[in-house]
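A.B. asks: Just to be clear, the model below is a prediction. Sequence and coordinates:
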Amino acid sequence: GRVRHYKWEVKYEFKSPDCYKKLAISINGRSPGPSIIAQQGDTIIVELKNSLLTENVAIHWHGIRQIGTPWFDGTEGVTQCPVLPGDTFVYKFVVDRPGTYLYHAHYGMQREAGLYGSIRVSLPNGESEPFSYDYDRSIILSDWYHNSTYEQAAGLSSIPFVWVGEPHSILIQGKGRFNCSTPGIEAGLCNTTNPECTPYALTVIPRKTYRLRIGSLTSLSALSFEIEGHNMTVVEADGHYVEPFVVQNLFIYSGETYSVLITADQDPSRNYWASAKVVSRNSNTPNGLAIFNYYPNHPRRSPPTVPPPGPRWNDTEPRLAQSIAIKSHQGYIHPPPQTSDRVIVMLNTQNRINGNVRWSINNVSFNLPHTPYLISLKHNLLHTFNQNPPPDGYDFANYDIYSIAMNVNATTSNGIYKLKFNTTVDIILQNANTMNPNNSETHPWHLHGHDFWVVGYGKGKFDKFKDPKNYNLVNPIMKNTVPVHPYGWTALRFRADNPGVWAFHCHIESHFFMGMGVVFEEGIEKLGSLPTSIMGCGDTKGFHRP
Ligand code: C2O
Ligand code: CU
């Protein structure tokens, strides 16, 4: 493969992605940042200069497994120390599989300040995909707040708790539209004629077929994406080929990527709306809108129709049905191991710990240590984190997932799961009621360093005797991010075959911040010495940087 060298400078800049002026984090002046476009087998080198002045940074390459380079996963507190203001950090890794991936900040809640972008890896020359198209395009969906990440983080960790609330806007490829005449908005801060918030236009040539790669990096929202009057054929999910199926609207959760095929087969004399609507929460955030622009109509010409309203926010059935419909493409099935060596059931609950509102897994709410696990484990700094692993399950028989979680015994911990190298692990994510009556949320769980087989979804409480009999062990899709639906469960299987330390967490920024995550270690003894560039914080201050 080739070497692709990028020089990125990260800094705060005033931006108006939804017409409202606010500080955003940009890469080389842009948010979303530059796309990484590569071919399978290429080596990516990103020289990252932190010009944030007073803030650390780290960037995670979401969906890239980092085989042999776990120290470049970019997860602050897990695989590296943060990059200090003024410093330059060099990430170097191989993109070993074709597909659609993402990158984003992985330090505090920095991602939602706009520090993210897409990674597109194409097949080696001469190989082709199991579908055809004329043009390839990428967009990122996100949600946008006018409050800073600091205001949000402070609110989430204060007593009384201050929730971040619903986002001000939904952005499509970094562009949205806030209603500047909202009462209380200072004149001068919001300007709908600012070209920075001109809606994103996807220009298409009539009758041509487009592969649209869609990634979601929302901080909170689950979305339904659709293009007025056009069907979409789903062909890829998280870098894996899907047995094609047609949808009118695509449900997409934070951390997921999909490729859909769209043929520009409608009346070419006009433009159409592309719309992203919040689902799963009763949100007052207006739908994000972009323009599906038929050439040669003007890309800013508004479609003559009312944008599609989208599905009802609280209708879980079609979302569950779409999750279940995603199967591996016939010609590309990697069958999962038929049995597993270990089953970890993870009960997801919201609860109060020492007065703070937290999320817990089996009554343990996660927090990050000061010294990254990878360095602690490799250098035997065992005092740097809790050596008690979190539990492999919860009290099945006695937990009512439909009632308000009291969880009086919940604690916080930075203990981790140690997995035996090369074993097969099943994870059952079990959803439950939050601290509000009749409320259960959707959580998109993302695993670093691996893809997993999605072997089952179910409603209600997982039955460890009955439900595994219905697992799909024939053609399950492999993914790196998967939703657990309200009051439901999701079962995953993966091989612990990538030496390193890997985060597994809810991809909702505030949920991870509130403890909704765990960490796995496997095969650490197989790793050679760590690059010193990842050191310098916590108990590794004496391990000097180059
Ligand atoms: Cu895309 Cu740990 O996140
Ligand atoms: Cu969550």
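C.D. replies: Received it, and whenever you're ready, just let me know what you need. Residues are numbered from 1 along each chain as shown. Ligands and ions are numbered 1, 2, ... in the order given.
A.B. asks: Now the residue of the stretch 301-450 of the chain found nearest ligand 2. Its backbone dihedrals?
C.D. replies: Here the residue of the stretch 301-450 of the chain nearest ligand 2 is H443; by C-beta to the ion that distance is 3.4 Å. In this view, the C-beta of every residue, glycine as well, is placed from N, C-alpha and C. As for H443, its main-chain torsions (degrees, to the nearest 10) stand at phi -120, psi 120.
A.B. asks: Against H507, how distant is it?
C.D. replies: Relative to H507, H443 is positioned 8 Å away (C-beta to C-beta, to the nearest Å).
A.B. asks: Domain ranges for the chain, per the record?
C.D. replies: Annotated domains of the chain cover 3-325, 334-540 [automatic domain parsing].
A.B. asks: Now render those as a markdown table, adding mean neighbour count and mean pLDDT.
C.D. replies: What follows is these, written out as a markdown table (neighbours: other C-beta atoms under 10 Å; pLDDT from 0 to 100):
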| stretch | mean neighbour count | mean pLDDT |
| --- | --- | --- |
| domain 3-325 | 19 | 97 |
| domain 334-540 | 19 | 96 |
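A.B. asks: Return the residues in contact with the closest residue to G41 other than its chain neighbours.
C.D. replies: Setting aside the residues directly before and after it, G41 is nearest to G1 in space (C-beta to C-beta, 6 or more residues apart in numbering), at 3.3 Å. Contacts for G1 (C-beta atoms under 8 Å, 6 or more residues apart in numbering) come out as Q39, Q40, G41, D42, T43, V94.
A.B. asks: So Y332 sits against H240, correct?
C.D. replies: Yes. Look at Y332 against H240 with C-beta atoms under 8 Å: they come within range, at 7.2 Å.
A.B. asks: wait, what's in contact with T100?
C.D. replies: Residues counted as contacts of T100 (C-beta under 8 Å, 6+ apart) are 63, 118-121, 138, 213, 215, 236, 238-239, 257-259.
A.B. asks: distance of it from ligand 1?
C.D. replies: The gap separating T100 from ligand 1 is 13 Å, by C-beta to the nearest ligand atom, to the nearest Å.
A.B. asks: Quick check: phi and psi at S16.
C.D. replies: Dihedral pair for S16: phi -130, psi 60, per degrees, to the nearest 10.
A.B. asks: quick check, nearest of the contacts of G1 to ligand 2?
C.D. replies: Nearest to ligand 2 among these is V94, at 30.8 Å by C-beta to the ion.
A.B. asks: and the gap between the residue lying closest to the closest one once chain neighbours are set aside and ligand 1?
C.D. replies: Leaving aside its sequence neighbours, V94 sits nearest to T43 (C-beta to C-beta, 6+ apart; 5.4 Å). Note on T43: its distance to ligand 1, by C-beta to the nearest ligand atom, is 21 Å.
A.B. asks: do the same with D87
C.D. replies: Distance from D87 to ligand 1, by C-beta to the nearest ligand atom: 22 Å.
A.B. asks: Surely that residue is in contact with E47?
C.D. replies: No. Contact criterion C-beta under 8 Å: D87 and E47 do not qualify, at 11.1 Å.
A.B. asks: three-state assignment of Q338?
C.D. replies: Assigned with DSSP: H, G, I helix; E, B strand; the rest coil, Q338 falls in the coil class.
A.B. asks: cool, and the one 5 residues further on?
C.D. replies: Assigned with three-state DSSP, V343 falls in the strand class.
A.B. asks: Next: I324.
C.D. replies: Following three-state DSSP, the label given to I324 is helix.
A.B. asks: which SSE is the closest residue to it other than its chain neighbours in?
C.D. replies: Nearest non-adjacent residue to I324, counting by C-beta to C-beta, 6+ apart: Y457, 5.7 Å away. Following DSSP states H and E, one finds Y457 within strand 452-459.
A.B. asks: Which other helices and strands does the helix or strand following that strand contact?
C.D. replies: Toward the C-terminus, strand 452-459 is succeeded by strand 478-479 as the next helix or strand (DSSP H and E). Identification of packing neighbours for strand 478-479 by 3 or more C-beta pairs under 8 Å, 6 or more residues apart in numbering; DSSP states H and E yields strand 452-459.
A.B. asks: and for the strand it packs on, what are the contacting residues?
C.D. replies: With contacts defined as C-beta under 8 Å, 6+ apart, strand 452-459 is touched by 320, 323-324, 326, 334, 336, 426-427, 467-468, 470-473, 476-480, 482, 485, 487-494.
A.B. asks: Identify the bridge partners of the residue in the stretch 51-200 of the chain that ligand 1 sits nearest to.
C.D. replies: In the stretch 51-200 of the chain, no residue comes nearer to ligand 1 than H62, which is 3.8 Å away by C-beta to the nearest ligand atom. Each beta-bridge partner of H62 is listed here: L102, as defined by DSSP bridges.
A.B. asks: So S533: helix, strand or coil?
C.D. replies: State at S533, reduced to three classes by three-state DSSP: helix.
A.B. asks: so it makes contact with F89?
C.D. replies: Yes. Using C-beta under 8 Å, S533 is in contact with F89, at 6.2 Å.
A.B. asks: Quick check: neighbours shared by those two?
C.D. replies: Shared contacts of S533 and F89 (C-beta under 8 Å, 6+ apart): none.
A.B. asks: follow-up on the earlier one: what about the residue nearest to the residue of the stretch 301-450 of the chain closest to ligand 2 when sequence neighbours are not counted, distance to ligand 1?
C.D. replies: Among residues not flanking H443 along the chain, C506 sits closest, at 4.5 Å (C-beta to C-beta, 6+ apart). According to C-beta to the nearest ligand atom, C506 and ligand 1 sit 9 Å apart.
A.B. asks: And R319, by the same measure?
C.D. replies: Remark: distance between R319 and ligand 1 (C-beta to the nearest ligand atom) = 20 Å.
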